[in-house]
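Q: Fold the stuff below for me.
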Amino acid sequence: MNTVNRLLFALFLIPTINTSYANSLACAEKTVDDMYNPILLGDDTAIRFKKSETPIDPDGNVFPIIIVVHECDTERETQFAKLPYLGDPGEVDSAFLADSDFDGKAELFVIHRVVLYSDTGINYGSDYFTTQVYNRLHPPAYERNERISAYFGAGGDVLSSPASDKLIYDYPYKSEAAIKSRLASSQYKAWLGQKHIITRILRKTFLYDQANVADRTSKYLIVGDEALVLDQKAGWLEIVFHNKKKGEVKGWIQCKDTLECSSR
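A: Residues are numbered from 1 along each chain as shown. The predicted structure is shown next:
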């Protein structure tokens, strides 16, 4: 290709690049119908968060938040998820892409936030958060990653009583920064790889029948005890402890009370 032809080709290519860039910007631009900033996927598609057209209450007044893939060239939208309804549709507090299984493809993380108006019997000191994780399949398909979604889970800060500001549980994954910090940790990578995990107790910690502050038992572990970790979710560990006198003790404990959730 001679110099003149190269110049003509370049002049032809510039408008094409500019048009493609402009289309991408338009695709990622937030509109009045969006409940959160769209996420551009880089191939003329975007993830959008919108109010469903179908109500979920008998009076037709409550519309949940849905997640769709928007194909920018055809304007086609494909719904692949509906966010939880907990007495209120809530809002998307954060949404981002991160490679949580280290396969070179980023998953979609969505942190849903809602104010709990009803009496649940638990003294919440914050809004209630739910973390959803979705795998990208063949565009425009997505599906929920059950295992990683359960790991980050759901919850809110819990106070010891309505009149107290003492925290007895702190939901650890309220932000993008907190989730990405955990994804980068050696503890998360060990869990992802299903490695044999033994953790050490840092302070006296009670055992719970379930990963819930309302299910506390009278059993507890003390500083220096070591336990086998069976499962993890939302800052809780399901563990087995071998007591020399009582045999095998199984239950849930708060991860913050162990080396598993400590920088030490």
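Q: Strands of the stretch 51-200 of the chain, residue ranges please.
A: Along the stretch 51-200 of the chain, the segments classed as strands by DSSP state E, counting those that start in this stretch run 65-71, 76-82, 91-98, 107-114, 128-136, 142-144, 154-155, 158-159, 167-169, 198-200.
Q: would you put the C-alpha positions of stretch 49-56 in CSV?
A: Coordinates of each C-alpha in stretch 49-56 appear next as CSV, following Å, rounded to 0.1, in the frame of the first residue of the first chain:
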residue,chain,number,x,y,z
PHE,A,49,-31.0,-2.0,36.0
LYS,A,50,-34.6,-1.1,35.5
LYS,A,51,-38.0,-1.2,37.2
SER,A,52,-40.0,-4.2,36.1
GLU,A,53,-43.1,-3.6,34.1
THR,A,54,-44.9,-6.3,36.1
PRO,A,55,-46.0,-5.5,39.7
ILE,A,56,-45.6,-8.1,42.4
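Q: which residues are contacting that stretch?
A: Taking CB atoms under 8 Å, 6 or more residues apart in numbering as the criterion, the residues outside stretch 49-56 that touch it are 33-36, 38, 61-68, 82, 85, 89, 92, 95, 110. (Each C-beta comes from the backbone N, C-alpha and C, glycine too.)
Q: Of these, grab the buried ones for ChimeraX.
A: The following ChimeraX command selects only the buried members of the contacts of stretch 49-56, with burial defined by 16 or more other CB atoms under 10 Å:
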select :34,35,36,38,63,64,65,66,67,68,85,89,92,95,110
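Q: what bridges to the residue nearest to Asp33 when sequence neighbours are not counted?
A: Distances taken as CB to CB, 6 or more residues apart in numbering put Lys50 closest to Asp33, at 5.6 Å, once the chain neighbours are dropped. Residues in a beta bridge with Lys50, per DSSP bridges, are Asp34, Ile66.
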